[in-house]
Each structure stands twice: as structure tokens, then as C-alpha cells.
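S.K.: structure for this input, please:
(chains A and B)
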Amino acid sequence: MESNEKIVIENPPKKVLDFIEKMRRDKETRRKELLDKKTHNFSIQL
Amino acid sequence: MNLSFDVITKEGDKIVVSLNSFYPYITELVGNTFPNLDIVEITIIREKGDNPIPMEAFGKIAQVLISLAQGNSGTILYYFCDMTDDLPHQRAGRTLTCHEYRNKLFKQLFIRYSNGTDEHWTDVEVEMRSTQLNQTLFSHFLLRDNHLQLVNILRNEVLNNFKSISEQK
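M.R.: This is a model prediction of the structure:
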């Protein structure tokens, strides 16, 4: 069962944009770390 | 929660998914209200191949998310639609940016996710439109009804320029 809700924020303040920028950099780092990772907890073959 | 798994398609493409608990200061902010809170960020990347990813792969990913989230009543799943990498398979005539594409993709994943459980889940899409960045940013919180209040708290924090967080630091 599911429902959806949407929040729209127009022009968030600078501190929020700085936070988002940090979050974006963190995410890029995690993506790179994930690509470098040789083994994972489990694997699924379709 | 910190784990990763991969899904290998019949064509040999490899999709890697990670789940990572994150942003402890959000937990600090609302920890008294939600003592078992665990916000888990989902990261999905293509490690190998360039074929279109079949919906079967997303279905498998959704099944794993179901089983992991059901094991912890404090879990909230979070997905930030990042802007790295181009879209390898844009249909003719469509001009979605990569984060718009990921936004639609996560919604699709959520439908598959929530259809597989008896619990009631809400997909809260947060859309931030910034003229300063000249971009619209998308993120999703996938949560149970008892966590809906958290989204209102975070929304107020954003609108108040993270005042409470600043005061804590």
C-alpha cells in the first residue's frame, strides 16, 4: 500500500543550498567508493 | 545500516546498490521524538554494461529494500537524485535531465516497493527550485505513517534556514 506527498520549496535559503551542495559532494564520494568496492554483501543474478 | 549488493542482468550488466545510514544531526534534531530513527540513503549505480536496465532488476532491488526495511521499524529510506553521469538511454524526443530521470525512476521503484508489503508507506518527494543554482533538485523520503511528522519538522527546518541545527552546533 502506498501514497504520495510532494513538498515544493521555492528558492531555499543559502544555508540550505550549502547543505545540498555538501550532500551532493558526499553522494559523489559514496558513488566513487562504491565503484571501487571489490566485494558486496550479496549478489543477485537475474 | 551499511551494506551493498549487486544485481547482474541477463545481458551481463551490473548494477550496484548501497544502503548507508547518514546525517546523524537529523537524528540529533528529532531523536527524542523518534528514538529508533535510522535514515538510510539509497545509492544506485551502473558498474558494468550499457544496455537498458530491465524492470526485473528494479523489481529485485525493490524486494531487497522491502525485506531490509521491514526488519527495522525505525527505518526511513532516502534517495537524493544526483546529477552525475549522462543518461545512456534517453528516448527520442525526451529531454529529461539525469536528476529528473532519477526522480521518475525512484517513483517507479517505490510503486514496486510498496506493492510488495502490507504496511502503508508514503513517498514524500521534496522538490527544491533554485533560481540561484538555475536547477530543480529532487529527493525522496520513503516512510511509514508514524514518521510523517518528521517530514514536517525537516520542512520547517529548511524554511527556517536550519536555525535549530545551527543553534545546536
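S.K.: C-alpha only now, for contacts and for neighbours.
M.R.: Noted.
S.K.: helix/strand/coil for A:T29?
M.R.: Here A:T29 is helix, with the state taken from DSSP: H, G, I helix; E, B strand; the rest coil.
S.K.: identify the residue nearest the geometric centre of chain B.
M.R.: Among the residues of chain B, the one closest to the centroid is B:Y79, at 1.7 Å (Cα atoms, centre = their mean).
S.K.: same question for chain A.
M.R.: A:K27 (5.2 Å).
S.K.: pass me the low-pLDDT residue ranges in chain A, would you?
M.R.: The model of chain A has pLDDT under 70 over residues A:1-2.
S.K.: if we can go back for a sec, my read: the residue nearest to the centre of chain A touches B:D82, true?
M.R.: Yes - counting by Cα atoms under 8 Å, A:K27 does reach B:D82; the two are 7.5 Å apart.
S.K.: could you pull up phi and psi at A:V8?
M.R.: The phi/psi pair for A:V8 (degrees, to the nearest 10) reads phi -110, psi 130.
S.K.: again, but for the one 10 residues further on
M.R.: Per-residue torsions, A:D18: phi -60, psi -40 (degrees, to the nearest 10).
S.K.: I'd like to know how far B:V158 sits from chain A.
M.R.: B:V158 is 6 Å from chain A, where distance means Cα to the nearest Cα, to the nearest Å.
S.K.: could you say which helix or strand holds that residue?
M.R.: Assigned by DSSP states H and E, B:V158 belongs to helix B:148-159.
S.K.: before we move on, back to that, does the residue nearest to the centre of chain B touch B:E41 like I think?
M.R.: Yes - look at B:Y79 against B:E41 with Cα under 8 Å: they come within range, at 5.7 Å.
S.K.: counting neighbours, what do you get for the closest residue to A:S3 other than its chain neighbours?
M.R.: The spatial neighbour of A:S3 that comes closest, neighbours along the chain excluded (Cα to Cα, 6 or more residues apart in numbering or on different chains), is B:T122 at 4.8 Å. For B:T122, the count of nearby residues is 21 (other Cα atoms under 10 Å in any protein chain shown).
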